[in-house]
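Undergrad: this one's sequence-less:
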């Protein structure tokens, strides 16, 4: 999954509800907040209509719907790394356990040598315990692939932190320090890096410690306001909300006060969470950038215009790119989120507390608990699959 991530960050993801960890390119761009503007459709649509008889609106320099939405939010292609470079080239990247599995399944990929080199590392080779050796190979492979990606994209590389450490603050911090040292050995500077951490309380505490050292964090598996607010309070660089997954949960479950309150207002729970989190971040001056993931359709894109980043499946991006007719009223291209609108959003006193572990745990509803657990299980399973695979193919041939 991907967006423009230039230094410093001013701003990786699965659009399905299956919780399969991503092997995507993601972008995290350094863009200033866009002005609060309502699109004047008459002039734009006349340009779009004018292109209807042309072979391509891009050939004539005319606007498409994709061009327009990019004026409001950074649009992040949700794409596997092995294709679609030309149609939607990534400007930043995420390296994960799922990505490593994908590389190992495609022996001709340019990243295969990065994995083979990791498996031939003498430092790892010398470790006595098999588990320690496989963990060493895993970390070296993540960093080697991340280093190759850093040479290919102008933006940042976000590196997945082992989900099995999700409830261990010190373990997360130590793992990030270790990964950072490996990156420094191959001369990838810290400003080119993000570290992707699950949004447990322990993960958020790790983010606080790491951000205080100048190490930027990318908080994932956010399904509730308390997670987003707590991550913003500690200064997380990127906060990623999964819109579609929360929507799916609300359709099939009951008992979560936050979800049910949104439904009672006639709002989509996922979109409502993004709106609330965005307004909180911007109204109270937090540095975090908000990323909306698990986008299911064009209407989601339109309803999120103005959020810092939107991770969108390629089929939606292609539809936006191909569109040369004006949207109907349902799809009116109007900025929905802005710092100006955030200033007028009202929060309760209970929502403005300084979150601690007790209040965080108390406010974490059943939707967030269940979805977070499912996401962690998926990531942990993928990590174990990588280690098992490395155990079978180590040592690699021809290195």
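TA: Yes, it's here. On a predicted model such as this, the values are computed, not experimentally measured, just so you know.
Undergrad: dump the residue contacts of residue 255.
TA: Contacts here follow CB atoms under 8 Å, 6 or more residues apart in numbering; on that basis residue 255 touches residue 366. In this view, the C-beta of every residue, glycine as well, is placed from N, C-alpha and C.
Undergrad: just the helices in the stretch 101-250 of the chain please.
TA: Counting by DSSP state H, counting those that start in this stretch, the stretch 101-250 of the chain has these helices, from start to end: 112-119, 122-125, 130-152, 169-185, 201-212, 225-233, 243-252.
Undergrad: so which of those is nearest residue 77?
TA: Closest to residue 77 of the helices of the stretch 101-250 of the chain, according to CB to CB: helix 130-152, at 14.4 Å.
Undergrad: tell me which helix or strand of this structure sits lowest on mean pLDDT?
TA: helix 41-50 (a mean of 34; mean pLDDT, DSSP states H and E).
Undergrad: just checking, what packs against the next helix or strand after that helix?
TA: Note on helix 41-50: by DSSP states H and E, the next helix or strand toward the C-terminus is helix 65-69. Applying 3 or more CB pairs under 8 Å, 6 or more residues apart in numbering; DSSP states H and E, we find helix 65-69 packed against helix 298-303, helix 314-322.
Undergrad: any idea which of those is most buried?
TA: Highest mean neighbour count of those: helix 298-303, a mean of 21 (counted as mean count of other CB atoms under 10 Å).
Undergrad: how far away from the center of its chain is that helix?
TA: The chain centre lies 17 Å from the centre of helix 298-303; the measure is CA atoms, centre = their mean, to the nearest Å.
Undergrad: excluding its backbone neighbours, what's nearest residue 394?
TA: Counting by CB to CB, 6 or more residues apart in numbering, residue 394 lies nearest to residue 119, which is 5.0 Å off, once chain neighbours are set aside.
Undergrad: report pLDDT for that neighbour.
TA: With respect to pLDDT, residue 119 scores 92.
Undergrad: my guess is it meets residue 393, correct?
TA: Yes: proximity of residue 119 to residue 393 meets the contact threshold set by CB atoms under 8 Å, at 7.0 Å.
Undergrad: give me the more crowded residue out of those two.
TA: The neighbour comparison of residue 119 against residue 393 (other CB atoms under 10 Å) goes to residue 119, with 20 against 13.
Undergrad: which stretches of the stretch 201-350 of the chain aren't confidently modelled?
TA: Within the stretch 201-350 of the chain, the segments meeting pLDDT under 70 span 324-332.
Undergrad: mind running it again at 50?
TA: The stretch 201-350 of the chain contains residues with pLDDT under 50 at 327, 329-330.
Undergrad: before we move on, what about the stretch 51-200 of the chain?
TA: The model of the stretch 51-200 of the chain has pLDDT under 50 over residues 51-61.
Undergrad: the stretch 251-399 of the chain: strands as residue ranges?
TA: Under the criterion DSSP state E, counting those that start in this stretch, the stretch 251-399 of the chain contains strands at 289-293, 309-313.
Undergrad: which of the ones you listed sits most buried?
TA: strand 289-293 (a mean of 30).
Undergrad: partners of it in the sheet?
TA: Applying DSSP bridges, strand 289-293 is found paired with strand 238-242 (parallel), strand 309-313 (parallel).
Undergrad: compare those and give me the one nearest residue 276.
TA: With CB to CB, the closest approach to residue 276 among the strands paired with strand 289-293 belongs to strand 238-242: 9.8 Å.
Undergrad: the closest one to helix 201-212, inter-axis angle?
TA: Angle, strand 238-242 to helix 201-212, by axes from the mean of the first three to the mean of the last three CA atoms, to 10 degrees: 150 degrees.
Undergrad: who touches strand 238-242?
TA: Strand 238-242 is contacted by residues 9, 11, 13-14, 28, 158, 194, 199, 216-223, 228, 231-232, 270, 273-274, 277, 281, 288-294, 309, 371 when judged by CB under 8 Å, 6+ apart.
Undergrad: tilt between it and helix 225-233?
TA: If you take the same axes, to 10 degrees, strand 238-242 sits at 170 degrees to helix 225-233.
Undergrad: how far does strand 238-242 sit from the chain's center?
TA: In terms of CA atoms, centre = their mean, the centre of strand 238-242 is found 6 Å from the chain centre.
Undergrad: in it, what's buried?
TA: For strand 238-242, the buried set under the neighbour-count rule, 16 or more other CB atoms under 10 Å, comprises 238-242.
Undergrad: gap between residue 379 and residue 96?
TA: Taking CB to CB, to the nearest Å as the measure, residue 379 falls 8 Å from residue 96.
Undergrad: please apply the same query to residue 218.
TA: Look at residue 218 and residue 96: by CB to CB, they are 11 Å apart.
Undergrad: check residue 200 too.
TA: According to CB to CB, residue 200 and residue 96 sit 18 Å apart.
Undergrad: the two: which is more packed in?
TA: A count of neighbours by other CB under 10 Å puts residue 96 above the other of residue 200 and residue 96, at 28 against 25.
Undergrad: name the nearest residue to the more buried one, sequence neighbours excluded.
TA: Nearest non-adjacent residue to residue 96, counting by CB to CB, 6+ apart: residue 160, 4.0 Å away.
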